[in-house]
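> What follows is a protein structure lacking sequence information:
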């Protein structure tokens, strides 16, 4: 996948954002990143996390369940109950 480091977080796909977020977690867990860089990539990680949550929320809102009549035939769709 293309290098997304430095790309506008709002333009990343879910897959790009999660891949970069996983890379950041690995770097931070490794403990070999200087403090200033750790803070900067942590902040980017937070932005990536919010982007992933936003995209998942949008996808969830588009998911619908099929409604059936008494005989079991499809009658349409309705929003998925996300509660």
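Looks like it came in fine. These figures come from a predicted structure and were not determined experimentally. Residues are numbered from 1 along each chain as shown.
> ok, residues contacting the strand or helix carrying residue 17?
Assessed by DSSP states H and E, residue 17 sits inside helix 14-30. Residues outside helix 14-30 that contact it (C-beta atoms under 8 Å, 6 or more residues apart in numbering) are 1-2, 4-5, 7, 9, 12, 33, 38, 41-42, 44-45, 48-49, 51-52, 55-56, 59. Where you see a C-beta, it was placed from the backbone N, CA and C, and this is true even at glycine.
> Just the buried residues of stretch 37-48, please?
Buried residues in stretch 37-48, counted by 16 or more other C-beta atoms under 10 Å: 41, 44-45, 48.
> ok, back up a step: tell me the mean pLDDT for the helix or strand following the helix holding residue 17?
Next along the chain after helix 14-30, taking DSSP H and E as the criterion, comes helix 35-62. What helix 35-62 shows for mean pLDDT is 93.
> got the angle between helix 35-62 and helix 14-30?
Angle, helix 35-62 to helix 14-30, by axes from the mean of the first three to the mean of the last three C-alpha atoms, to 10 degrees: 150 degrees.
> counting contacts, what elements does helix 35-62 pack onto?
Identification of packing neighbours for helix 35-62 by 3 or more C-beta pairs under 8 Å, 6 or more residues apart in numbering; DSSP states H and E yields helix 14-30.
> centre of the chain versus the helix it packs on, how much separation?
Helix 14-30 sits 12 Å away from the centroid of its parent chain (C-alpha atoms, centre = their mean, to the nearest Å).
> Tell me which residues of that helix come out buried.
Buried residues in helix 14-30 (16+ other C-beta under 10 Å): 16-21, 23-24, 27.
> Show the model's pLDDT score for residue 19.
97.
> er, residue 82 I mean
In this model, residue 82 carries a pLDDT of 55.
> Over to residue 76?
75.
> does it really touch residue 69, like I thought?
No. At 9.6 Å, residue 76 does not count as touching residue 69 under the criterion of C-beta atoms under 8 Å.
> And stretch 28-41, end to end?
8 Å (C-alpha to C-alpha, to the nearest Å).
> Number the chain from 821, please
In the new count, where the first residue is 821, that last one comes out as stretch 848-861.
> what's the offset of it from the middle of its chain?
22 Å.
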